[in-house]
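In: here's my sequence, what's the structure:
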Amino acid sequence: MAQLIPVGKLRDRPQTGDVVFVHGLDGDARGTWTNQAGGFWPQWLADDHQELAVWSVGYEVAASAWRGTAMPLFDRAHHVLAELQAAGLGQRPICFVAHSMGGLLVKQMLRNADSLAPEFRSFSAATRGVVFLATPHTGSDLASLARYLGLLLRSTIATKELEARASPLLELNTWYRENVRRLRVATQAYFENQKTKGVVVVDRASADPSLEGVTVIGLDANHSGVCKPASRNDLLYKRSQAFILNVLGVTTQAQAGGQWAASEPRPDRVIAAARESLRPHTLTPVPRLANVTGDSNYVRVQVLTPAGVLDRDKQLGVVKELTEIVAAAGGDPTLTQRTWVLITESPEGGWGINGHANTGADIAAAARAELAGQ
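Out: Residues are numbered from 1 along each chain as shown. Below you'll find the model as predicted:
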């Protein structure tokens, strides 16, 4: 069975997002991410960024039936999604960090959540990024895999599903490439640069998700060590940390070298813009805006955002602060009871500016240009 393990202490105050580590074949929730000196880098992330909730998933994925059991990728994806949902995840932004077959599991989870299991749809909307560590997007040579794992007989379904160029893997990889931009999921990828027992388990070609704007980075490690940074100064930790902070909206200036599929306007910028625009004005309710009893002393604030940008916590925060801004600008505390804040989500391609219907990619490019000019 799968188990979701919280890393570090869960704080009382609201947190910006969730980081979920997912191991691969014959891995586990702790050992996969622990270096030879005992450094457990999910813990580093939790200690360095208390605004994040960090988790590690453990699940049965034995390579050989002599060692344990495994579940088909499709079924395991539903199982892990159910575990995450039971722990309350899926309501705020998520970034996954996945090693080897764990990356295939994450892609299958996103696919199932997006179109095959409506009860988990919030996860496809909440996922902001994935870090792939030596994930065999097109499979791995079974002879090399068997040599690496020391297998002789009785391989499990998990091992068989990793066969190079197997149709299900190719189909899953195609789905991810064709839908990652629509889902607004950023991607970062790494490959191993050293052999294990004389073989490269996941070579550069298989570790490349083949996404425009994503460069797969080689690390000086073998397949087991590629997910174990030696210290906080290790390239993997520094680069993936910046990527995670960026996709979860913790910082706005970090350059993570990943693929951005859409802009995410931050609530603090929306609120600051509203405060600035309202400061010089006297608010006079429009007579035509009335409630069901005919009272017309109401104010309406319309907020337009790309679909999926604001989770429930952010919706509550935006409505609360904009209501307070209106009351302060109008000099009337009772306006808090008569202010309607309407949050409207624009569908992909439905944000019209200057006569052009902008997609998420268009908005992202405009946001980058604006940040570059600051």
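In: low-confidence regions, this structure specifically.
Out: Residues of the chain that meet the criterion pLDDT under 70 lie in 1-2, 10-14, 61-71, 140-167, 251-297, 354, 360-361, 364-374.
In: regarding it, what is its longest helix?
Out: Determined from DSSP state H, the single longest helix within the chain is helix 312-330.
In: check which helices and strands that helix is in contact with.
Out: Other helices and strands packing on helix 312-330, by 3 or more CB pairs under 8 Å, 6 or more residues apart in numbering; DSSP states H and E, are helix 267-278, strand 299-306, strand 339-346. All C-beta spots, glycine's among them, are computed from the backbone N, C-alpha and C.
In: quick check: next helix or strand after the last one?
Out: So that's strand 339-346. The helix or strand immediately downstream of strand 339-346 is strand 351-353, counting by DSSP states H and E.
In: give me the contacts around that next one.
Out: Residues from elsewhere that reach strand 351-353, judged by CB atoms under 8 Å, 6 or more residues apart in numbering: 304, 306, 357-358, 362-363.
In: make sure residue 129 is indeed in a strand.
Out: Yes. Applying DSSP: H, G, I helix; E, B strand; the rest coil, one finds residue 129 inside a strand.
In: residues in contact with it?
Out: Contact analysis of residue 129 by CB under 8 Å, 6+ apart lists 95-96, 185-188, 243-244, 246-248, 258.
In: burial of the nearest residue to residue 101 once chain neighbours are set aside, as a residue count?
Out: Once flanking residues are discounted, residue 101 sits nearest to residue 24: 3.9 Å by CB to CB, 6 or more residues apart in numbering. By other CB atoms under 10 Å, 26 other residues sit near residue 24.
In: what about residue 24, which SS state?
Out: Going by three-state DSSP, the secondary structure assigned to residue 24 is coil.
In: so who does it touch?
Out: With contact set as CB under 8 Å, 6+ apart, residue 24 has these partners: 32, 61, 98-103, 135.
In: what's the closest of these to residue 123?
Out: Comparing the contacts of residue 24 against residue 123 with CB to CB places residue 98 closest, at 14.2 Å.
In: on contacts alone, who are the packing partners of the helix or strand that closest one falls within?
Out: Residue 98 belongs to strand 94-99 when assigned by DSSP H and E. Counting contacts by 3+ CB pairs under 8 Å, 6+ apart, strand 94-99 packs against strand 17-22, helix 101-111, strand 127-133, helix 235-247.
In: let's have those in a markdown table, adding distance to residue 320.
Out: Shown next, in a markdown table, are the helices and strands packed on strand 94-99 (distance: least, CB to CB, whole Å):
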| stretch | distance to residue 320 |
| --- | --- |
| strand 17-22 | 20 |
| helix 101-111 | 32 |
| strand 127-133 | 23 |
| helix 235-247 | 25 |
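In: deepest-packed of those, please.
Out: Among the helices and strands packed on strand 94-99, strand 127-133 has the highest mean neighbour count (mean count of other CB atoms under 10 Å), at a mean of 28.
In: how near is residue 194 to residue 217?
Out: To residue 217, residue 194 is 14 Å away according to CB to CB, to the nearest Å.
In: likewise for residue 329?
Out: 49 Å.
In: so which residues of the stretch 51-200 of the chain form strands?
Out: Assigned by DSSP state E, counting those that start in this stretch, the strands in the stretch 51-200 of the chain fall at 52-58, 94-99, 127-133, 186-192.
In: list the neighbouring strands of the third one plus their orientation.
Out: Looking back up the chat, that one is strand 127-133. Strands that pair with strand 127-133, judged by DSSP bridges, come out as strand 94-99 (parallel), strand 186-192 (parallel).
In: chain center to the first one: distance?
Out: Just to be clear, that refers to strand 94-99. The chain centroid and the centroid of strand 94-99 are separated by 7 Å under CA atoms, centre = their mean, to the nearest Å.
In: tell me which of the strands paired with strand 127-133 sits most buried.
Out: strand 94-99 (a mean of 26).
In: tell me the angle of that one relative to helix 235-247?
Out: 160 degrees (axes from the mean of the first three to the mean of the last three CA atoms, to 10 degrees).
In: restricting to C-alpha, output strand 94-99 in PDB.
Out: C-alpha atoms of strand 94-99 as PDB (Å, rounded to 0.1, in the frame of the first residue of the first chain):
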ATOM      1  CA  ILE A  94       1.700  21.200  -5.900                       C
ATOM      2  CA  CYS A  95       5.200  20.400  -7.200                       C
ATOM      3  CA  PHE A  96       6.300  16.800  -7.700                       C
ATOM      4  CA  VAL A  97       9.900  15.600  -7.500                       C
ATOM      5  CA  ALA A  98      10.200  12.200  -9.000                       C
ATOM      6  CA  HIS A  99      13.000   9.600  -9.400                       C
END
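In: give me the contacts around it.
Out: Contacts for strand 94-99 (CB under 8 Å, 6+ apart): 17-24, 27, 32-33, 42, 105-106, 123, 126-135, 226-227, 240, 243-244, 247-248.
In: one step back: who has more neighbours out of residue 194 and residue 217?
Out: residue 217 (16 against 13).
In: nearest residue to that one other than its sequence neighbours?
Out: Leaving aside its chain neighbours, residue 217 sits nearest to residue 190 (5.1 Å; criterion: CB to CB, 6+ apart).
In: again with residue 43
Out: Spatial nearest neighbour of residue 43, chain neighbours left out: residue 7 (5.6 Å); criterion: CB to CB, 6+ apart.
In: any idea what the one you found is bridged to?
Out: residue 54.
In: give me the number of residues near residue 212?
Out: When counting by other CB under 10 Å, one arrives at 7 neighbours for residue 212.
In: any idea how far residue 76 is from the residue nearest to residue 101?
Out: Relative to residue 76, and taking CB to CB, residue 24 is found at 12 Å.
In: from residue 136, how far out is the spatially closest residue to residue 191 that is not a sequence neighbour?
Out: Once flanking residues are discounted, residue 191 sits nearest to residue 207: 3.6 Å by CB to CB, 6+ apart. From residue 207 across to residue 136, the span is 7 Å (CB to CB).
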